[in-house]
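Trainee: Give me the fold of what follows.
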Amino acid sequence: MAENKTKIMTGVITKERLKPLFKYLKNDEITDVDWNGSDLWIKNIYNESIMIPKEEHEITPAFIQAFTTHVSNSVSKLFNQENCVLEAETEDYRIECVHEARAISGRCCCIRKTTRTPRMSYKYLIDSKYTISPILNLLINCCIAKFNFMIAGEPGVGKTEFAKFLSLFIPDDQRVITIEDSPEWHYKELKPYADGIELQVNDDFSYTDALKTCMRLNPRRIFLSEVRSTEAKSLIECWSNGVKGFSTLHTDDARKIPDRILNMMPTRADAERLKSNVYENLDIGILINQKKDEDGKNHRYIEQVCFFERDIQKEENKIYMIVEEGKIITQEIPQSKKIKLKGISYFEISDVLKEKYYET
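Mentor: Take a look at the predicted model:
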């Protein structure tokens, strides 16, 4: 179920209010700043969690109490023993707090930064060894050709950030509708001249409601922030009506994506009925993973890429692995995907296209 997160008006959470936290929040490499009741932890773009020594920061339980009280007053929500969870948003941060009545280790507060500019660029993805040029070129070409993407991986691995990068290559005249519980995509700010509509779900407007609504808004692409539950059925119905896009989910192998989607169906009968639809309409699966470099830092990379296909004549569902362990294992593209790519050079893109988003 989507949760209600109240928007805090611009200017209410000021730099002065955030003063002890601000040096971390303004750091472009830091994505999360968390107080766990006694210690300050940060998470960076390398998905590393680092505890800040007490002598290096000024955060105290008294500051957290004052800050969370200010947030609760700003959104006109109670935060006490009976109302133990506080959630709010600003234009730049998503704030989650839990009262000490439930968090017995002490009142905790987690602040996640939301970015309005892409953290990734073509140059960054290659230089950081996130992937190699031929793989990235293939994915860009698939995006332009209106393939349907599912990006998988563990929580916090950067699935949405990579999808945001690929979305930069969608033609501006193709209407994109984003569906999220907490705004992270910021498509209209990523591409101010593009046709886009941003929908936010909550307890009164579910993912399923949003998917049904967006079909009446003439979408060319749908971005669903994360497939979690029975809304998967409505998503497949959107695909069957010819609307493609990007979605993310949690799994540890790209080949498991169809089964993960089918396991989210409301009933077993729905799963059996829609199984072929998944293979027919979902074009490409990507698995993003992370591993430790020699210097001990987490390194994110594209581990797997595969194509999904429904062979109507043989009545078979097929998976074609193209990338394994970050390496191209075959350059043979399924015939149905070749048709969609319209004969372009699959693993190459023009210099003009590359330079467009070469650097952020």
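Trainee: and the residue nearest to residue 48 when sequence neighbours are not counted, how many neighbours?
Mentor: Nearest residue to residue 48 in three dimensions, chain neighbours excluded: residue 298, at 5.3 Å (C-beta to C-beta, 6 or more residues apart in numbering). Where you see a C-beta, it was placed from the backbone N, CA and C, and this is true even at glycine. Per other C-beta atoms under 10 Å, the neighbour tally for residue 298 reads 16.
Trainee: Then the one 5 residues further on?
Mentor: Residue 303 is surrounded by 22 other residues when neighbours are defined as other C-beta under 10 Å.
Trainee: hey, what's the residue nearest to residue 48 bridged with?
Mentor: Counting by DSSP bridges, residue 298 is bridged to residue 292.
Trainee: dump the residue contacts of it.
Mentor: Residue 298 sits next to 46-48, 290-292 when contact means C-beta atoms under 8 Å, 6 or more residues apart in numbering.
Trainee: which stretches of this protein have low pLDDT?
Mentor: Within the chain, the segments meeting pLDDT under 70 span 1-14, 360.
Trainee: Tell me how it divides into domains.
Mentor: Following the TED database, the chain resolves into domains at 21-113, 122-358.
Trainee: Need the distance between the two termini of the shortest one.
Mentor: By that I understand domain 21-113. Start-to-end span of domain 21-113 (C-alpha to C-alpha, to the nearest Å) is 12 Å.
Trainee: Excluding sequence neighbours, find me the nearest residue to residue 160.
Mentor: In this structure, residue 160 finds its nearest non-sequential neighbour in residue 184, 5.6 Å apart by C-beta to C-beta, 6+ apart.
Trainee: Equivalent analysis for residue 340, please.
Mentor: Distance criterion C-beta to C-beta, 6+ apart; nearest residue to residue 340, sequence neighbours excluded, is residue 145 at 5.1 Å.
Trainee: Settle this for me: residue 101 is touching residue 81, isn't it.
Mentor: Yes - Residue 101 is within contact range of residue 81, at 4.1 Å (criterion: C-beta atoms under 8 Å).
Trainee: center of this protein - which residue?
Mentor: The chain has residue 160 as the residue nearest its centroid, 2.3 Å off, counting by C-alpha atoms, centre = their mean.
Trainee: Quick check: it is in a helix.
Mentor: Yes - according to DSSP: H, G, I helix; E, B strand; the rest coil, residue 160 belongs to a helix.
Trainee: give me the number of residues near the closest residue to residue 40 other than its chain neighbours?
Mentor: Leaving aside its chain neighbours, residue 40 sits nearest to residue 52 (4.5 Å; criterion: C-beta to C-beta, 6+ apart). For residue 52, the neighbour count with other C-beta under 10 Å is 14.
Trainee: begin at 22 from here
Mentor: With the count now opening at 22, the last piece we talked about shows up as residue 73.
Trainee: In contact with residue 73, which residues?
Mentor: Applying C-beta under 8 Å, 6+ apart, one finds that residue 73 lies in contact with 45, 60-63.
Trainee: Residue 219: which of the contacts of residue 319 is nearest?
Mentor: Top of the list for closeness to residue 219, among those and by C-beta to C-beta, is residue 68 at 26.1 Å.
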